[in-house]
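Chemist: got a structure for you, letters missing:
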């Protein structure tokens with residue numbers, strides 16, 4: 001049975017929860033995951049290359065392999081990724097932390113820009129990573145935008161199988177990227193500053209690396225994520241405008257009707273970025289489980305003394321219960 005997340009009252013604020021989830025202090029004792037992992041370049045098809053880090057169990061007999069997907073403008077070294085990876089590594093699982101395009105130290109690997117609809121290259125990479133498991137159970141865990149990618153990878157199982165994919169877990173997934181972008185702009189001001197600053201730094205890196213292709217001088221002056229999204233659309237000619245772009249990775253209603261792999265969504269009712277109503281409104285499906293808590297913020301679920309993370313325990317519970325079937 002799952003337990004209920006009820007943090008100490010002084011850390012129940014959704015904003016406190018969201019900020020605690022990313023604080024570097026949480027990963028201060030988890031250097032093994034970062035420094036012992038092997039850097040790998042994973043092919044994403046059509047010449048795309050993605051950067052990842054692999055850490056198998058020393059015994060070469062792990063219980064399974066887990067791939068972690070970070071959120072927008074996060075990376076394989078984000079606190080919430082490293083912390084969860086260390087927790088599951090200590091439980092006996094092999095770990096792969098994958099960077100989406102233009103995240104982490106990977107801007108030089110591909111000339112094209114990242115955007116949220118780049119599912120095919122991510123799916124191709126995740127499927128290639130699965131071969132490292134030696135046919136042991138394979139799990140995908142995504143956070144926020146990475147949670148959206150994880151859910152879409154689960155959907156593709158009905159068309160293009162990853163043979164040993166056992167379960168997909170998505171924490172605080174952005175089901176409707178348009179709503180999430182508006183929330184970032186209109187909620188607690190620190191969110192807009194945080195994401196906008198990181199996105200602009202990413203674009204600056206891309207411009208330095210590929211000066212003949214990119215000139216972001218004017219759009220870097222914009223002050224909201226939505227205005228920057230709209231202004232950058234000419235660099236994404238596959239989409240007529242930002243509404244068509246967002247529609248390509250929006251997950252609503254009966255979208256999981258053909259779901260062919262067990263999938264769990266972990267979310268909180270007080271998430272300041274992702275409206276929990278979108279998760280409640282998903283149609284029921286035998287392979288879809290929703291674990292929704294009253295508290296937790298966005299990718300938070302942190303109590304204190306000593307920084308206990310509830311969703312890490314929940315991930316272990318989900319995976320362990322699958323093993324006991």
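Modeler: Received the coordinates, thanks. Predicted, not measured: the structure shown is a model, and the values here were computed from it.
Chemist: drop to CA atoms for contacts and neighbour counts, all remaining ones
Modeler: Will do.
Chemist: can you give me phi and psi for residue 57?
Modeler: Here the main-chain torsion angles of residue 57 (degrees, to the nearest 10) amount to phi -70, psi 140.
Chemist: Quick one: residues contacting it.
Modeler: 89, 92, 93, 94 (CA atoms under 8 Å, 6 or more residues apart in numbering).
Chemist: how many neighbours does the first one have?
Modeler: By the measure other CA atoms under 10 Å, the count of residues near residue 89 is 20.
Chemist: Now it. Nearest residue, chain neighbours left out?
Modeler: The shortest distance from residue 89 to any non-neighbouring residue, by CA to CA, 6 or more residues apart in numbering, is to residue 95 (6.5 Å).
Chemist: what's the spacing between that neighbour and residue 57?
Modeler: 8 Å (CA to CA, to the nearest Å).
Chemist: before we move on, the earlier item: tell me the one of the contacts of residue 57 nearest residue 46?
Modeler: Checking those against residue 46 by CA to CA gives residue 94 as the nearest, at 27.8 Å.
Chemist: Quick one, grab the pLDDT at the closest one.
Modeler: Listed pLDDT for residue 94 reads 97.
Chemist: In contact with it, which residues are there?
Modeler: Going by CA under 8 Å, 6+ apart, the list of residues near residue 94 reads 54, 55, 56, 57, 62, 63, 64, 65, 66, 133.
Chemist: what would those residues look like in JSON lines with pLDDT, distance to residue 272 and secondary structure?
Modeler: Listed next are these as JSON lines, based on pLDDT from 0 to 100; distance: CA to CA, whole Å; DSSP: H, G, I helix; E, B strand; the rest coil:
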{"residue": "54", "pLDDT": "98", "distance to residue 272": "32", "secondary structure": "strand"}
{"residue": "55", "pLDDT": "97", "distance to residue 272": "33", "secondary structure": "strand"}
{"residue": "56", "pLDDT": "96", "distance to residue 272": "35", "secondary structure": "coil"}
{"residue": "57", "pLDDT": "96", "distance to residue 272": "37", "secondary structure": "coil"}
{"residue": "62", "pLDDT": "93", "distance to residue 272": "37", "secondary structure": "coil"}
{"residue": "63", "pLDDT": "95", "distance to residue 272": "35", "secondary structure": "coil"}
{"residue": "64", "pLDDT": "97", "distance to residue 272": "33", "secondary structure": "coil"}
{"residue": "65", "pLDDT": "98", "distance to residue 272": "31", "secondary structure": "strand"}
{"residue": "66", "pLDDT": "98", "distance to residue 272": "28", "secondary structure": "strand"}
{"residue": "133", "pLDDT": "93", "distance to residue 272": "36", "secondary structure": "helix"}
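Chemist: If you rank the residues you listed by neighbours, which is first?
Modeler: Using other CA under 10 Å as the neighbour criterion, residue 65 leads those with 31 neighbours.
Chemist: Does that one touch residue 136 like I think?
Modeler: Yes: because the distance of 7.0 Å satisfies CA atoms under 8 Å, residue 65 is recorded as touching residue 136.
Chemist: quick one on the thing from earlier: find the residues that touch each one of residue 95 and residue 57.
Modeler: Common neighbours of residue 95 and residue 57 (CA under 8 Å, 6+ apart) are residue 89.
Chemist: Just the helices from the stretch 101-250 of the chain, written as ranges.
Modeler: Secondary structure of the stretch 101-250 of the chain (DSSP state H, counting those that start in this stretch): helices at 119-130, 145-155, 177-186, 189-209, 225-232, 242-247.
Chemist: still on that earlier bit, just curious, which of the contacts of residue 94 is nearest to residue 262?
Modeler: Of the contacts of residue 94, the one sitting nearest to residue 262 (CA to CA) turns out to be residue 66, at 14.8 Å.
Chemist: Can you report how many residues lie near the residue nearest to the closest one when sequence neighbours are not counted?
Modeler: What sits nearest to residue 66 in space, not counting adjacent residues and going by CA to CA, 6+ apart, is residue 139, at 4.7 Å. By the criterion of other CA under 10 Å, residue 139 has 22 neighbours.
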